[in-house]
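Student: generate coordinates for the sequence data below:
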Amino acid sequence: MPKINGNEIRVGNVLEHNGGLWVAVKTDHVKPGKGGAFAQVEMKNLRNGSKLNERFRSADKVEKVRLEQKDQQFLYESDGMLVFMDSETFEQIELPADILGERRPFLQDGMTIVIEYHDSEALSASLPQKVTCKVVETEPVVKGQTAANSFKPAILDCGVKVMVPPFVGPDEDIIVNTETMEYSERA
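Tutor: A predicted model of the protein is given here:
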């Protein structure tokens, strides 16, 4: 694995530190008036989710880990485990449902997601950036409500509540950004 200097750590880098795998969530480069510059890095453990704040000087060496990304197709869920199939080898794997976190409701049958592996261990999973959902329930359009930035709450078929523009009605398909969990556009 390549070693990088402490000042080269960027958000999203996966590092091997203190015997664990950590992803850099936030980095702040500090240059105090007295003493050498350092990078203040907030990291999250990929295995157990714990957080850690660490200072790295430019002379400190840290191991940068490359994760292998594989496209996997979602098949079904059973007993809190999600079953995925590798699109190339057709092998099936089971992962805990909490690997997707709060984005779990957006997972649909047959959806292809990207799972990141370190050796043969699945560490994280990410959904496509945009997902099509159907609006199940929303308030009716109020005539004359044309303020530029007015939104109303809507409940989607997956159970998630998002804010939508006033022109979106029930039984309409919309596209939701899974990273920000916000309305993106009409489908």
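Student: convert stretch 171-181 to CSV, retaining C-alpha atoms only.
Tutor: Taking C-alpha atoms only, stretch 171-181 is exported to CSV below (Å, rounded to 0.1, in the frame of the first residue of the first chain):
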residue,chain,number,x,y,z
ASP,A,171,-49.1,9.6,-8.0
GLU,A,172,-46.3,11.6,-9.9
ASP,A,173,-42.8,10.1,-10.4
ILE,A,174,-40.0,12.3,-9.2
ILE,A,175,-36.2,11.9,-9.1
VAL,A,176,-34.6,12.1,-5.6
ASN,A,177,-30.9,12.8,-5.0
THR,A,178,-29.8,10.0,-2.6
GLU,A,179,-26.8,11.9,-1.3
THR,A,180,-28.7,15.0,-0.1
MET,A,181,-32.1,13.1,0.2
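Student: tell me the mean pLDDT for stretch 16-25?
Tutor: With pLDDT averaged residue by residue, stretch 16-25 scores 87.
Student: check the separation of the first and last residues in that stretch.
Tutor: 14 Å (Cα to Cα, to the nearest Å).
Student: could you pull out the buried residues of that stretch?
Tutor: His17, Leu21, Trp22, Val23, Ala24 (16 or more other Cβ atoms under 10 Å). Glycine gets a C-beta too; all of them are placed from N, C-alpha and C.
Student: stretch 24-37 now?
Tutor: Quick answer for stretch 24-37 (16+ other Cβ under 10 Å): Ala24, Thr27.
Student: my reading is that Glu102 lies in a helix. Confirm?
Tutor: Yes. Assignment of Glu102 by DSSP: H, G, I helix; E, B strand; the rest coil places it within a helix.
Student: surely it is in contact with Met181?
Tutor: Yes. In this structure Glu102 lies within contact range of Met181 using Cβ atoms under 8 Å: 7.3 Å.
Student: these two: who's more crowded?
Tutor: Met181 (14 against 10; other Cβ atoms under 10 Å).
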